[in-house]
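J.: I need the structure of the sequence given here:
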Amino acid sequence: MTGHSFSPFIDIKPSSINEQAHTIPIAPKKALPRVYHSVPDPVELDKLQWGTKLNGPGSGTASPSEYQISRAPTDLEMSRPGSPENEQDGIVASQSFSNPPINRFRMLSVCLMNFGNGLNDSAPGALIPYIEKHYSIGYAIVSLVFITNAIGFISAAFIVDALRARLGRARTLIVAQTLMSCGFLPIVCTPPFPVVVMSFFFLGLGMAINLAMGNTFAVNLHNGTKMLGAMHGAYGVGGTIGPLIATAMVSTGGLIWSRYYFLPLSVALFNLVFAAWSFWHFEEESGTSLLTTAERTASQTQKAQVPAAQSTSRVKQQMASMRKAFKSKTVILGALFIFAYQGAEVSISGWVISFLIATRHGKPSAVGYVTSGFWGGITLGRFLLSHPAHKVGEKPFVYAVIIGSASFELLVWFVPNIIGDAVAVAIVGLLLGPVYPCATSVFSKLIARKDQVSSLSVISAFGSSGGAVAPFTTGILAQAAGTFVLHPIAIGLFAAMLGCWFSLPTPRKRTE
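T.: Residues are numbered from 1 along each chain as shown. So this is what the prediction gives:
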């Protein structure tokens, strides 16, 4: 059977016809060629250098508008924009607890500094009865230590951001720990009471600086709420063991009250060295931690070429950021919120023992440990409740714990039983524990990253002054009316916290 038999059905070409060579189909005239960027765009490589691109504001004076250049048709469907030259044009890579690895030691350092802060803040509550006896003074006079402590905190708000811009984070922390050491040294010598009062100014100033540096570092790590919970949990650990040690030293050991301060002095001196070592290269590494070795070298070369005039300009920008912070609604409400929170926390810690001695007729050697239960509750709250708060949502969670704290404070006020009061005080501490980390996390989401150091410094400095004003007010009123005034003051501060928290805007997901 030949091929002609199928000719009605199949058109068979003769073998003599030359077959056309296979060719690649030509794109339609109106189509645009698509570029898939598996490598950097050549235009970018010609325009930018690694050091300029990754060094932020120190790389040059170019503005974002310089990169709005016309594109060829091949660039119209680019899957990503060009790399930014300025810090304002790009996104800062988020560091984590382990990236870079030195962050593990930095986190340990801020925890130890907060641990020392807790040792210092919690001790006066257990030592006030012995200080009054040693100097033969009353509630109103001994409360002056809270006032000078507050003045130190407020003073830090005006200098901490300028110090960080001028000295860097490591040297700023050295200044902070040196100030605290200068505050502890006179106290351990049991000086006249006016010297003790002045020493608390240096303690407040140093604490405010290291607190601002620690908050800013922890909140900008991955899962900042959890990191803040660990940091402020360390504060709670110091607050828990401080009254235990202080009460044991003065009641069982028979030592004078001032000898307790050898412990926080030793911690401050250790932190001075450890913080300096761990944060020494922080500014150099923070912007280049995710780069290759070659890229990091190029970036550091560019950084070395930044003129001194530009460094001065950066300090001026930091001062402008500080002025901006004082006008921010978030900063003002945040400072008022922390003012009320710290006021309630330190008032309860400082005066609950005096309340149990004067009103419930407890023995000083026995009720001195109630403060440790309060700080133990704060510690557990910060370690155990910070993560659930992050899952549930910081804003609704804080509403719940503030209302719960006020309820148990009412029990302390009206239940005439020392054991029941001690348990209720510990539960108040448990519920208050996660409030500070949650609040700081919310504030950071409402504040631009470039303004965080100045804004959080103002919040922590002015807010933490509540930890002095409220206890001082409690002492003045206790002198006139009795120590029961602690409870209405604390409940009033809880109400102020609810009002400030309600007035804060709901944070949106960070996009910068």
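J.: Ile338 should be in a helix, yeah?
T.: Yes. Counting by DSSP: H, G, I helix; E, B strand; the rest coil, Ile338 falls inside a helix.
J.: I figured it hits Pro437, correct?
T.: No. With contact defined as C-beta atoms under 8 Å, Ile338 does not count as touching Pro437 (11.8 Å). In this view, the C-beta of every residue, glycine as well, is placed from N, C-alpha and C.
J.: distance of Ala170 from Asn210?
T.: Distance of Ala170 to Asn210, given as C-beta to C-beta, to the nearest Å: 12 Å.
J.: Between those two, which has more neighbouring residues?
T.: Legend: neighbour count by other C-beta atoms under 10 Å for Ala170 and Asn210, higher for Asn210 (27 against 18).
J.: Contact partners for that one?
T.: When contacts are counted by C-beta atoms under 8 Å, 6 or more residues apart in numbering, Asn210 touches Val110, Met113, Asn114, Asn117, Leu173, Ala176, Gln177, Met180, Asn271, Ala275.
J.: Next step: the residues you listed restricted to helices.
T.: Val110, Met113, Asn114, Asn117, Leu173, Ala176, Gln177, Met180, Asn271, Ala275 (DSSP state H).
J.: neighbours of the residue lying closest to the fifth one once chain neighbours are set aside, just the number please.
T.: If you skip the residues right next to it in sequence, Leu173 has Ala275 as its closest partner in space, 4.1 Å away by C-beta to C-beta, 6 or more residues apart in numbering. By other C-beta under 10 Å, 27 other residues sit near Ala275.
J.: Ok, Ile245 next?
T.: Ile245, neighbours per other C-beta under 10 Å, totals 17.
J.: on that earlier part again, for the contacts of Asn210, which one is nearest Phe217?
T.: Val110 (5.9 Å; C-beta to C-beta).
J.: show me what contacts that closest one?
T.: Contacts here follow C-beta under 8 Å, 6+ apart; on that basis Val110 touches Asn210, Met213, Gly214, Phe217, Ala218, Met231, Ala275.
J.: One more pass at 10 Å, please.
T.: If you count contacts by C-beta atoms under 10 Å, 6 or more residues apart in numbering, Val110 has them with 173, 210-211, 213-218, 227-228, 230-232, 234, 271, 275, 278-279.
J.: wait, what's in contact with the residue nearest to the spatial centre of the chain?
T.: By C-alpha atoms, centre = their mean, the chain has its centre lying nearest to Asn215, at 1.8 Å. For Asn215, the contacting residues are 110, 114, 224, 227-228, 231-232, 436-437, 440-441, 443-444, 452-453, 456-457, 459-460, by C-beta under 10 Å, 6+ apart.
J.: Mind doing that once more with 6 Å?
T.: Thr440, Leu456 (C-beta atoms under 6 Å, 6 or more residues apart in numbering).
J.: mind checking how far it is from Ile159?
T.: Taking C-beta to C-beta, one finds Asn215 at 16 Å from Ile159.
J.: ok, now Phe201?
T.: 14 Å.
J.: Can you list phi and psi of Pro434 for me?
T.: Phi and psi for Pro434, reported as degrees, to the nearest 10, are phi -80, psi 0.
J.: Let the chain start at 38 from now.
T.: All set: I'll call the first residue 38, so the last point we hit is now Pro471.
J.: and the closest residue in space to it that isn't next to it in sequence, what pLDDT?
T.: Leaving aside its chain neighbours, Pro471 sits nearest to Leu422 (4.1 Å; criterion: C-beta to C-beta, 6+ apart). Per-residue confidence for Leu422 comes out at a pLDDT of 86.
J.: Filter the contacts of Val147 down to the ones in helices?
T.: Per DSSP H, the subset of those in helices is 210, 247-248, 250-255, 264-265, 267-269, 271, 308, 312, 315-316.
J.: Number of residues surrounding the residue nearest to Pro471?
T.: 21.
J.: now Tyr297
T.: Neighbours of Tyr297 (other C-beta under 10 Å): 26.
J.: ditto for Trp314
T.: Neighbour number of Trp314 under other C-beta under 10 Å is 14.
J.: Ok, His269 next?
T.: The tally of other residues near His269 (other C-beta under 10 Å) stands at 31.
J.: cool, and Pro433?
T.: With other C-beta under 10 Å as criterion, Pro433 counts 9.
J.: again, but for Gly290
T.: Gly290, neighbours per other C-beta under 10 Å, totals 12.
J.: got it, and Trp388?
T.: By other C-beta under 10 Å, neighbour count at Trp388 equals 28.
J.: now Ser288
T.: 17.
J.: pretty sure it contacts Ser402?
T.: Yes. Counting by C-beta atoms under 6 Å, Ser288 touches Ser402, with 4.2 Å between them.
J.: quick one: low-confidence parts of the stretch 138-287 of the chain?
T.: Along the stretch 138-287 of the chain, no part satisfies pLDDT under 70.
J.: List phi and psi for Ser173.
T.: phi 60, psi 50.
J.: For it, give its distance to Tyr167.
T.: From Ser173 to Tyr167 the distance is 12 Å (C-beta to C-beta).
J.: Looking at these two, which is more packed in?
T.: Higher neighbour count among Ser173 and Tyr167: Tyr167, with 21 against 8, using other C-beta under 10 Å.
J.: Report the next helix or strand after the helix or strand harbouring that one in sequence order.
T.: According to DSSP states H and E, Tyr167 maps onto helix 140-172. For helix 140-172, the following helix or strand on the C-terminal side (DSSP H and E) is helix 176-179.
J.: buried residues in that next one?
T.: By neighbour count on 16 or more other C-beta atoms under 10 Å, the buried set for helix 176-179 is Tyr176, Ile178, Val179.
J.: Distance to Val225 added to those residues, as CSV?
T.: Formatted as CSV, the buried residues of helix 176-179 follow (distance: C-beta to C-beta, whole Å):
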residue, distance to Val225
Tyr176, 24
Ile178, 21
Val179, 18
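J.: so who does the residue lying closest to Met217 once chain neighbours are set aside touch?
T.: Distances taken as C-beta to C-beta, 6+ apart place Gly243 nearest to Met217, at 3.6 Å, with adjacent residues excluded. Counting by C-beta under 6 Å, 6+ apart, Gly243 touches Ala213, Leu216, Met217.
J.: ok, now His427?
T.: Listed by C-beta under 6 Å, 6+ apart, the contact partners of His427 are Thr262.
J.: measure it to Val479 for me?
T.: Distance from His427 to Val479, by C-beta to C-beta: 11 Å.
J.: same question, Val234
T.: The value you get for Val234 to Val479, if C-beta to C-beta is used, is 35 Å.
J.: These two: which is more packed in?
T.: Val479 (23 against 18).
J.: Following the chain onward from the helix or strand the more buried one falls within, which element is next?
T.: Here Val479 sits within helix 472-483, counting by DSSP H and E. As assigned by DSSP H and E, the chain's next helix or strand after helix 472-483 is helix 489-501.
J.: I'd like to check the angle between that following helix and helix 140-172, please.
T.: For helix 489-501 against helix 140-172, the angle by axes from the mean of the first three to the mean of the last three C-alpha atoms, to 10 degrees is 20 degrees.
J.: Packing partners of the very next helix or strand once past helix 489-501?
T.: Remark: after helix 489-501, the chain's next helix or strand is helix 503-517, criterion DSSP H and E. Applying 3 or more C-beta pairs under 6 Å, 6 or more residues apart in numbering; DSSP states H and E, we find helix 503-517 packed against helix 176-179, helix 181-194, helix 366-395.
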